[in-house]
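1. How does the following fold in three dimensions:
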Amino acid sequence: MKTGIITTDSYLNHETGQGHPERADRVSVVIENLKKNKKLAWKKPGKFDSKYLRIAHNSNYINEVEKSFPKKGLFFLDGDTIVSPGSKKAASDAVGSIITAIDSVQNKEFKNVFCAVRPPGHHAEKDKAMGFCIYNNIAVGAYYLIEKYKLNRIAIIDFDVHHGNGTQNIFYENEKVLYISTHQYPFYPGSGSNNEKGKHNNVLNIPLPAGTNSEEYLNAYEHVLKKLKEFKPEFVLFSAGFDAHEDDPLAQFKLKSKDFYDITKRTLEVTNKSSNNKVVSILEGGYDLNALKESTEAHVNALLEDNN
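-> I've put the predicted structure just below:
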């Protein structure tokens with residue numbers, strides 16, 4: 001079985017305005033680079049039942065968002081989360097990508113999948129857009145695994161440099177989902193201290209200071225691996241943000257591109273037995289184009305190796 005890449009070009013029409021860091025080029029450079037690898041299989045997102053979106057987000061919020069997509073120009077959902085006429089399709093396709101990815105893995109079409117999408121999702125709370133995120137793509141995916149496939153142990157590993165407050169907010173009281181985040185702290189969005197543990201001890205936050213380098217990060221990541229071994233997930237989801245890279249303009253970690261290979265590989269080594277190698281990853285942050293290109297390639301290479 002192959003590693004799949006799920007993407008579609010609707011992301012190009014999600015316009016965020018001149019100078020905004022979350023821009024279409026981010027996904028374009030990732031796709032262009034991954035297309036050089038002939039071992040990857042490509043697929044577009046399919047349609048999905050909106051009921052799964054309505055489990056992750058409340059209906060009033062979804063209705064407000066639907067009404068906010070402008071006929072022309074830009075509309076601000078919050079200070080830095082902006083939508084344009086093309087955002088409606090892009091946001092829907094981002095959610096559709098993770099659902100298509102999960103189906104492709106569950107149906108044994110692909111061994112594992114990376115979704116190259118925007119807008120990202122992990123800051124979107126149950127009833128709030130935030131931090132460039134409209135819908136929480138990975139949260140919809142986790143609920144889809146619970147509702148459609150009746151899974152009881154889903155791990156979400158979020159290595160974006162910013163804490164995924166939205167994902168934590170949505171699953172804080174859900175014992176079926178383990179949410180793990182490594183992130184710069186104190187930093188945007190302000191959440192993610194290590195005393196935020198979830199109602200069922202199902203949240204593990206690993207806050208790390210600005211300036212954290214590769215060795216310090218990978219040492220701290222041992223706590224992630226220990227928790228995953230205990231939890232024994234049936235399915236692994238990555239909130240794959242690459243803004244912990246030393247060249248990223250929006251944060252102050254000092255990781256290198258190859259570290260994302262190590263993070264991915266180490267995670268799979270401890271989860272493959274319980275999850276039967278079932279992994280879906282979805283793009284979150286990463287704002288230096290060259291760092292993003294190299295880091296996504298390193299991450300996907302670890303997924304590809306897991307196929308051999």
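2. okay, now the nearest residue to residue 16 once chain neighbours are set aside: neighbour count?
-> Leaving aside its sequence neighbours, residue 16 sits nearest to residue 82 (CB to CB, 6 or more residues apart in numbering; 4.6 Å). Heads up, the C-betas are built off the backbone N, CA and C, glycines and all. Neighbours of residue 82 under the rule other CB atoms under 10 Å: 21.
3. and residue 82, how far is that from residue 119?
-> 9 Å (CB to CB, to the nearest Å).
4. Let me know the pLDDT of the residue positioned nearest the centre of the chain.
-> The centre of the chain sits closest to residue 239, judged by CA atoms, centre = their mean, with a distance of 2.6 Å. We note a pLDDT of 99 for residue 239 in this prediction.
5. just residue 1 next, same as before
-> Reading off the model, residue 1 has pLDDT 89.
6. May I have the residues that are in contact with residue 206?
-> Counting by CB atoms under 8 Å, 6 or more residues apart in numbering, residue 206 touches 180, 181, 182, 183, 194, 220, 221, 223, 224.
7. Check which helix or strand it maps to.
-> Per DSSP states H and E: residue 206 is located in strand 203-208.
8. same deal with residue 144?
-> Per DSSP H and E: helix 137-147 holds residue 144.
9. Tell me what angle whatever helix or strand comes next after that helix forms with strand 203-208.
-> Sequence order places strand 154-158 as the next helix or strand after helix 137-147, per DSSP H and E. Orientation note: strand 154-158 sits at an angle of 20 degrees relative to strand 203-208 (axes from the mean of the first three to the mean of the last three CA atoms, to 10 degrees).
10. Average pLDDT for the very next helix or strand once past strand 154-158, rounded please.
-> Once strand 154-158 ends, the next helix or strand along the chain (criterion: DSSP H and E) is helix 165-171. When pLDDT is averaged over helix 165-171, the result is 98.
11. residues in contact with helix 165-171?
-> Contact with helix 165-171 is made by 56, 121-126, 128, 130-131, 133, 136, 138-139, 142, 156, 158, 177, 179, 181, 189-192, 196, 198, 202-203, 205, 239, as judged by CB under 8 Å, 6+ apart.
12. One more pass at 6 Å, please.
-> For helix 165-171, contacts defined as CB atoms under 6 Å, 6 or more residues apart in numbering pick out 56, 122-126, 136, 139, 177, 179, 189, 191, 203.
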